[in-house]
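Chemist: Curious how this folds, go ahead:
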Amino acid sequence: MDARCSAPLLSAARAADIAANPFVADFPLLAARPDIAYLDSAATAQRPAAVIEAEARFYETMNANPLRGLYGLSVEATAALEEARATFARRVGAADPREIVFTRNATESLNLVAKTLGEQLLSEGDEVCISILEHHSNLIPWQQICARTGATLVWLYPDAEGHFSPEEIEAKIGPATRIVSIAQVSNVLGVETPVAAIAERAHAMGAILIVDGAQAVSHLPVAVQELGCDLYAFSAHKALGPFGVGALWGRLELLESMPPFLTGGEMIDSVTQEGAVWAPVPEKFEAGTQDAAGIYASAVGLTYLEEVGLEAIAAREEALTTLLMGELAKLEGVSVLGPCDPAEHHGVVSFDVAGIHPHDVASLLDAKGVAIRAGHHCAQPLLAWLGHPSVNRASVAFYNDADDVMQLVDGLKFVQEVFHGSR
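Modeler: The predicted structure follows:
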C-alpha cells in the first residue's frame, strides 16, 4: 500500500533536528497555511496527501460495496478492505488479521467490549479496575455496565507525575477483579502506563485486560503480544487516517466467545424466521456497510507512519517537547502537569497559566495563529483529582518544528500582556 512519504528516510538523530522540517510539504493543510502552528495532534492528526488521495482513489477506481457482490468492482473493494485489515494487524503485532475488528473509533471499540464482554462476565460482587487517568471513553462505558450488573468500579491512582507503583497495582487488582481497562498513554499527562506489569497482575487474578491505545499508536511501537493485553482499541484519525474509522484487536478465541455488539446485515451466516447464526470473527462484529474508503485510506496513514519510522518520530517529538517544556519553564506563572522528563510526555504537554482561564488562553492564541486545546480533555475525574478543572494542552507531532513551538511561546507572552500588562 503506497503511502508516498516524500521526506527522506531519517535517522533518529537527524529527525531530532527540529530547526528543519522535511515533513510539512506532505501535509496539504500545513503547507497551505504556514501561518498556523497546529499543536492539537492529540485530538486529531493532520492528514498527509497520500491519505487524502487514497480515499479519493477508492471512490474513483473501486467504489462498490465490499463483501456483497461477485462482480469485479466489489471483489476489488473487498480485497482492498482485507489488505487494510492486514496493515492494521501488522501495526499492533496481531497474530492473525482476523483479530482486527473495524469500528468507527476507539470509543465504539471500548463500548463494544463493555456491552458484550462486560455483560457476559460481570455480576454483583465483581470488580472492574480502571485508572484515574482515563479518557471518558474508557470510563463511562464501565460506569454504565457496573451500574447494570451490580459490579464495583475500582480506581488505580498514580503519583503526581502519573506513575503507578507496583503496590498500587497489587492493591487494586485482586481476586474479585474480572476486567481491567487502562489507557496505554494519558491524553492529559502524556505518561505511558506500565501495561505489561498490569497485565501480569490482571492475569494472575484471572482478569481480562483491555487497553485504550488511542494516544499510543502514532507515538509508540505497539506489540499486543508483548504488552500481554487481551483487547486493544484505537482510532485511525489520531494516526493520520480519516475520521470515523477505528479498530479493536482481540485474541481470536476471546473474540469468538463474545456475543455480537450490533446486529443486522453482513454479521450473519444464516437467518430464519426463528433466529440467526452469526458470521465468524471479525464479520460477527461488523454489522452493516463499513466505511471501506476510510479504512483503505487509514491503512495508508499507518503505512506512512511506518515509512517515517517510529524511532525517528519519537526522537523528533522528544526534541520538540524538550524545547517546549524548557521555554514554558521560563515564563512566570506557567506550570506543566505530569512528568518532569520531556521524554515521558509522548508529545503531550498540559499546562496552566496562573490567573487566566484556559479558554481565554486558547482564544487569544488563536488570534496569533496557534491551535491548542483547552478544557477538561474528556478526563474530568483526572483533572478534579489534580485540582485543575480545566487546563491548556499543546500536543506536538513529527510534522511540527521549532518555529511552531516558539510561535506558541510568543503567543503566551502576548496572552500574559493582555491580562497582566508588560512584565
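Chemist: How is this protein partitioned into domains?
Modeler: Domain segmentation of the chain under automatic domain parsing yields 12-39+310-420, 54-306.
Chemist: For the stretch 151-300 of the chain, which segments count as helices?
Modeler: 166-172, 195-204, 224-227, 252-257, 292-308 (DSSP state H, counting those that start in this stretch).
Chemist: between those helices, which one is nearest to D96?
Modeler: helix 252-257 (5.8 Å; CB to CB). C-beta: built from backbone N, CA, C; applies to glycine.
Chemist: and the closest one, how far out from the chain's middle?
Modeler: 23 Å (CA atoms, centre = their mean, to the nearest Å).
Chemist: how about the CA coordinates for it, as PDB?
Modeler: Only the C-alpha atoms of helix 252-257 are listed here, as PDB (Å, rounded to 0.1, in the frame of the first residue of the first chain):
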ATOM      1  CA  LEU A 252      -9.100 -14.700  18.400                       C
ATOM      2  CA  GLU A 253     -10.500 -17.200  20.900                       C
ATOM      3  CA  LEU A 254     -11.800 -14.300  23.100                       C
ATOM      4  CA  LEU A 255     -13.500 -12.600  20.200                       C
ATOM      5  CA  GLU A 256     -15.100 -15.900  19.200                       C
ATOM      6  CA  SER A 257     -16.500 -16.300  22.700                       C
END
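Chemist: which residues make contact with it from outside it?
Modeler: Residues from elsewhere that reach helix 252-257, judged by CB atoms under 8 Å, 6 or more residues apart in numbering: 95-96, 98-99, 101, 117, 120, 208, 230-231, 280-282, 284-285.
Chemist: hang on, the earlier thing: mean neighbour count and mean pLDDT added to the helices of the stretch 151-300 of the chain, as JSON lines?
Modeler: Below are these laid out as JSON lines (neighbours: other CB atoms under 10 Å; pLDDT from 0 to 100):
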{"stretch": "helix 166-172", "mean neighbour count": "14", "mean pLDDT": "98"}
{"stretch": "helix 195-204", "mean neighbour count": "18", "mean pLDDT": "98"}
{"stretch": "helix 224-227", "mean neighbour count": "16", "mean pLDDT": "96"}
{"stretch": "helix 252-257", "mean neighbour count": "15", "mean pLDDT": "98"}
{"stretch": "helix 292-308", "mean neighbour count": "24", "mean pLDDT": "97"}
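Chemist: of the contacts of helix 252-257, closest to G244?
Modeler: V101 (15.0 Å).
Chemist: can you pull up the bridge partners for the closest one?
Modeler: L248 (DSSP bridges).
Chemist: was I right about it contacting P282?
Modeler: Yes: counting by CB atoms under 8 Å, P282 is a contact partner of V101 at 4.5 Å.
Chemist: more crowded one of the two?
Modeler: For V101 and P282, the more surrounded residue by other CB atoms under 10 Å is V101, and the numbers stand at 26 against 22.
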